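> here is a sequence together with a model predicted from it:
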Amino acid sequence: MNGIKVIFKKELSDHFSSYRFLLLFAMIVMVSLVTVYMAGMGITKDLEGVAKPKFVFLMLFTSSGMQFSLVQFVAFFGPLIGLILGFDTINRERNEGTLSKLLSQPIYRDAVINGKFLAGVFIITVIMASVMLFISAMGLMTIGVIPGIEEVWRMFIYLVISIFYISFWLGLAILFSILFRNVATSALAAMAMWIFFSFFVSIGANAFASALTPDAGESDPESAIRRARIEKALSLTSPMELYTDSTATIIDPMRRTPRSFIQMGFMEQLSMARFSGPLSLGQSVLVVLPYIISLMAITVLCFAISYAVFMRQEIRSL
Amino acid sequence: MEQQKAIIETQELTKAYNGQAAVDRLSFNVNEGEIFGFLGPNGAGKTTTLLMLLGLTEPTAGKARVLGVDPARDPVRVKGMIGYLPENMGFYRDMNAWQSLMYIAELNGLSQDAANRRIESALRTVSLLNESKKEVGSYSRGMRQRLGIAEVLVKEPKVAFLDEPTLGLDPDTANRMIELVEGLCRVKGMTVLLSSHLLHQVQKICHRVGIMINGRMVAQGQMDQLAEEKLGVGREQYTLEEIYMKYFREA
C-alpha cells in the first residue's frame, strides 16, 4: 500500500506543477465560463413571464447558449482531458530509463499503474468538481435562482458519471502508453480513437443502418423503426454516445428516455404527450441505469486490460 | 577466504526468450562482503541474470537465492535488500538530487527523519552535497552516475548490483567511480556484484570474478586461480584482460 501512496503523491505533484495541466485547466474554466454565461443570459430571457418554472438551475448545464451546452462540451472535450493526462504515463518513464529504477524498489509492480491511474482520476475529479462549482456560482449570479436539493443530487450524479467517462479515456491513454514505446505514437493512437468515436461511429452507424434496411419511404414505418434501432445499437459502441445517454435524464428531468421519438411505441408516445411533468430522481436514474452501468463497466474493463498487459510485460523489454 | 557465507546462490538458473536461452543453466555464488566482478561481452546475459536475482523477471527454470530469499517468490522483500544501479539509468529531470533521493526513500518506506539522515550521508559519500538542490537535468554524466550510486546507498542495502557504473565516463571519472565502489565494500561491508568492461579496474578491486559468455558462466573464481589454470602463470604475472580474452576466444 505504501508504494501506491508514494507514487500517487508524486504523480499528483507532477500533474499540478506541469504546464499541460495549467493550460488544460485554464482552457476548461474559460470555456465553461463563457458557456454558462451565455446559457444564463438565454435562460433569463426564456423564463420571462413564466409563472413557476421547474429545475431552472439544471438548465445552466443543458441549454445551449452559443453552440454547446456544458453537457455536450464535456461529452466532446472531456476525453481530451483523459488523453492528455494519460498518453505518456508508462512510456515516458520507460524511455527515460526511470521505470526499471522504480520497479527495483520494494513495491509491487501494480503499485506503479494503480498509483498513476488514481492520480489521474483525482485530477479529473478536481477539474470536473471545480468546473461544476464554478458554473453553479456563476449561475447563482446570472439567474439568481437557488438550486433545490434534488437539483444538487442530480448535479452530483452527473459529476460522478462524468468522472467515470473521462476516466475511461484516461485508462485508454494509459493502455496505449503501455503498448507503444514511442510517446508520439501513443498520443496519436489515443487521438485517433477519440476522433473515431466522436465522428465516425455516428456517421458509420447511419450508413450501416441504411445499408441493412431497404428504404421503403414513409409507407413502411416498420423498416424506419428497424433502421433507427440498428443505428442506435451501433452508435452505442461509442463511449460518447453512452455518456450522452446516461446523463440525458439525469441532468434534464423533463426527459423521459434517452431514446429518440421514432423508437417509442404508440402507448409510450401517448403517455409522453399526456404527462408532461418531470420525472422523479429515482425514476430518472432507473431509466438510464443500463447506460450508466455500461459506462462504468467499460471504464473498469479498459483499466483492467492495461493492468493485465502491464503485469505480464517482460522487464527486459522495458 | 574459504567457506564464507554465500549471499547469492543460483542453481541451474535459466531464462529463455522465445525458446532461445539468454541465460543457460547458470550456477554461481557470491560471498558476503566481497566484490564479485561479473564480466562478459555485451548480450551475454548479465543484465538478465541481475533482473532474475532482483525478482524483476521470472526464471524459466532453476533456482536463485538472495540472502536466503527466493526472488521469484518474494520479489518485494528481495528488492528491499538489494540496491540496483541499472545500465543507462534514468532520472526525473525536473527533480533535484535531494527530491530524487527522497522519492526513493519514501518508496522504501523510510520515516522522514531516517530519510533525511540517509540522504545527507549518501550525498556526502558521492560528494554531491553541494549540488543537491540543482535539477538533475543539468547534471553531467559523471554526476548522474554518482547520483545513481547515492540512490543505491539511500536504501542501505546489504547487496548492491552495479550494472556498468562506469559506462560512458571519462577515464579519470571512471577511476574515481571504481574507487568509490571499493570504498563502499571496505567501509560499509557491502557485497557488490559489479558488471563492467573496464578489466583493468576490475582486476584492482574485485575479489573474485565470473566470466559469462553466451548465457553460460565459463569461469568463476579468484583471479590467481584462473590465471594459473588458463595461462599457467602465477601471482602478479597476468592481466585480467589476458584471461578474459583467452576464454572469449575459446567460446
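Structure's in. What do you need?
> name the SS class of the residue lying closest to residue A:154 once chain neighbours are set aside, please.
Leaving aside its chain neighbours, residue A:154 sits nearest to residue A:250 (5.6 Å; criterion: CB to CB, 6 or more residues apart in numbering or on different chains). For glycine as for every other residue, the C-beta is placed from the backbone atoms N, C-alpha and C. Here residue A:250 is recorded as helix under DSSP: H, G, I helix; E, B strand; the rest coil.
> wait, doesn't residue B:141 sit right on residue B:169?
Yes: the pair residue B:141 and residue B:169 qualifies as a contact (CB atoms under 8 Å) at a distance of 6.4 Å.
> neighbour-wise, which of those two wins?
residue B:169 (21 against 12; other CB atoms under 10 Å in any protein chain shown).
> so what's the more buried one up against?
B:141-142, B:145, B:177 (CB atoms under 8 Å, 6 or more residues apart in numbering or on different chains).
> tell me how far whichever residue of the stretch 101-250 of chain A sits closest to chain B lies from residue B:197.
Closest to chain B within the stretch 101-250 of chain A is residue A:106: 3.5 Å, counting by CB to the nearest CB. Going from residue A:106 to residue B:197 by CB to CB, to the nearest Å gives 30 Å.
> swap in residue A:165?
53 Å.
> those two: who's more crowded?
Taking neighbours as other CB under 10 Å, residue A:165 and residue B:197 compare with residue A:165 leading, 28 against 14.
> quick one: secondary structure of the more buried one?
Strictly by three-state DSSP, residue A:165 counts as helix.
> what do you get for residue A:196?
helix.
> that one - how many residues pack around it?
Residue A:196: 12 neighbours (other CB under 10 Å).
> quick check: pLDDT value at the residue nearest to residue B:86 when sequence neighbours are not counted.
Closest residue to residue B:86 in three dimensions, ignoring its sequence neighbours and counting by CB to CB, 6+ apart: residue A:100, at 4.7 Å. The model reports residue A:100 with a pLDDT of 87.
> same deal with residue A:295?
With respect to pLDDT, residue A:295 has a value of 91.
> that one contacts residue A:239, correct?
Yes: in this structure residue A:295 lies within contact range of residue A:239 using CB under 8 Å: 6.8 Å.
> between these two, what contacts are shared?
Joint contacts of residue A:295 and residue A:239 (CB under 8 Å, 6+ apart) are A:165, A:168.
> between the two, which one's more packed in?
With neighbours defined as other CB under 10 Å, residue A:295 and residue A:239 compare such that residue A:239 has more, 26 against 23.
> quick one: the more buried one from residue B:196, how far?
Where residue B:196 is concerned, residue A:239 sits at a distance of 52 Å (CB to CB).
> do residue B:79 as well
Taking CB to CB, one finds residue B:79 at 23 Å from residue B:196.
> got the contact list for residue A:253?
Taking CB under 8 Å, 6+ apart as the test, what residue A:253 contacts is A:54-55, A:58, A:150, A:154, A:278-279, A:281, A:284.
> list phi and psi for it.
phi -60, psi -20 (degrees, to the nearest 10).
> how many other residues sit next to the residue of the stretch 1-150 of chain A found nearest chain B?
Using CB to the nearest CB, the single residue of the stretch 1-150 of chain A nearest to chain B is residue A:97, 2.7 Å away. For residue A:97, the neighbour count with other CB under 10 Å is 15.
> once you drop chain neighbours, what's closest to it?
Using CB to CB, 6+ apart, the nearest residue to residue A:97 is residue B:90, at 2.7 Å.
> count the neighbours of the one you found for me.
Neighbours of residue B:90 (other CB under 10 Å): 20.
> do a quick rundown of the helices in chain A.
A:2-16, A:19-46, A:56-62, A:70-86, A:91-96, A:98-103, A:109-143, A:149-179, A:183-195, A:201-212, A:221-235, A:239-251, A:266-274, A:281-312 (DSSP state H).
> indicate which one of these is closest to residue A:257.
helix A:281-312 (6.0 Å; CB to CB).
> any weak-confidence spans in the chain?
If you meant another chain, say so; for now it's chain A. For chain A, the stretches flagged by pLDDT under 70 are A:1, A:46, A:49-53, A:63-68, A:215-219, A:256, A:259-265, A:272-273, A:275-276, A:315-318.
> not quite, I wanted chain B
Scanning chain B for pLDDT under 70 picks out B:1-4, B:234-236.
> surely residue A:287 touches residue A:279?
Yes: judged on CB under 8 Å, residue A:287 makes contact with residue A:279 at a distance of 7.1 Å.
> where's the most centrally placed residue in chain A relative to residue A:208, distance?
By CA atoms, centre = their mean, chain A has its centre lying nearest to residue A:165, at 3.4 Å. Look at residue A:165 and residue A:208: by CB to CB, they are 24 Å apart.
> list the contacts of the residue of the stretch 1-150 of chain B found nearest chain A.
In the stretch 1-150 of chain B, the residue that lies nearest chain A is residue B:90 (2.7 Å; CB to the nearest CB). The contact partners of residue B:90, by CB under 8 Å, 6+ apart, come to A:93, A:95-99, A:101.
> which two from those residues end up farthest apart in space?
Taking CB to CB, the two most distant members of these are A:95 and A:101; they sit 13.0 Å apart.
> more neighbours, those two?
Just comparing residue A:95 and residue A:101: by other CB under 10 Å the higher neighbour count belongs to residue A:101, 23 against 14.
> isn't that one right up against residue B:88?
No: counting by CB under 8 Å, residue A:101 does not reach residue B:88; the two are 10.4 Å apart.
> other SSEs contacting the one helix or strand residue B:177 maps to?
Of the helices and strands defined by DSSP states H and E, residue B:177 is found in helix B:171-188. Packing partners of helix B:171-188 (3 or more CB pairs under 8 Å, 6 or more residues apart in numbering or on different chains; DSSP states H and E): strand B:35-39, helix B:112-125, helix B:141-154, strand B:191-195, helix B:199-205.
> close to chain B: what parts of the stretch 51-200 of chain A are there?
Residues of the stretch 51-200 of chain A found near chain B (CB under 8 Å from any CB of the partner chain) are A:93, A:95-108.
> by neighbours, which of those residues wins?
Counting by other CB under 10 Å, top hit in those: residue A:104 with 29 neighbours.
> residue contacts, the residue nearest to that one when sequence neighbours are not counted?
Of all residues not flanking residue A:104 in the chain, residue B:84 sits nearest, at 4.2 Å (CB to CB, 6+ apart). By CB under 8 Å, 6+ apart, the contact set of residue B:84 is A:101, A:104, B:50, B:54, B:152, B:160-161, B:163.
> from these, which ones fall inside strands?
B:160-161, B:163 (DSSP state E).
> of these, select the buried ones using a ChimeraX command.
ChimeraX command restricting the ones in strands among the contacts of residue B:84 to the buried ones, with burial defined by 16 or more other CB atoms under 10 Å in any protein chain shown:
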select /B:160,161,163
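> surely the residue nearest to residue A:97 is in a helix?
No: secondary structure of residue B:90 (three-state DSSP): coil, not part of a helix.
> give me phi/psi at it?
According to degrees, to the nearest 10, residue B:90 has phi -110, psi 170.
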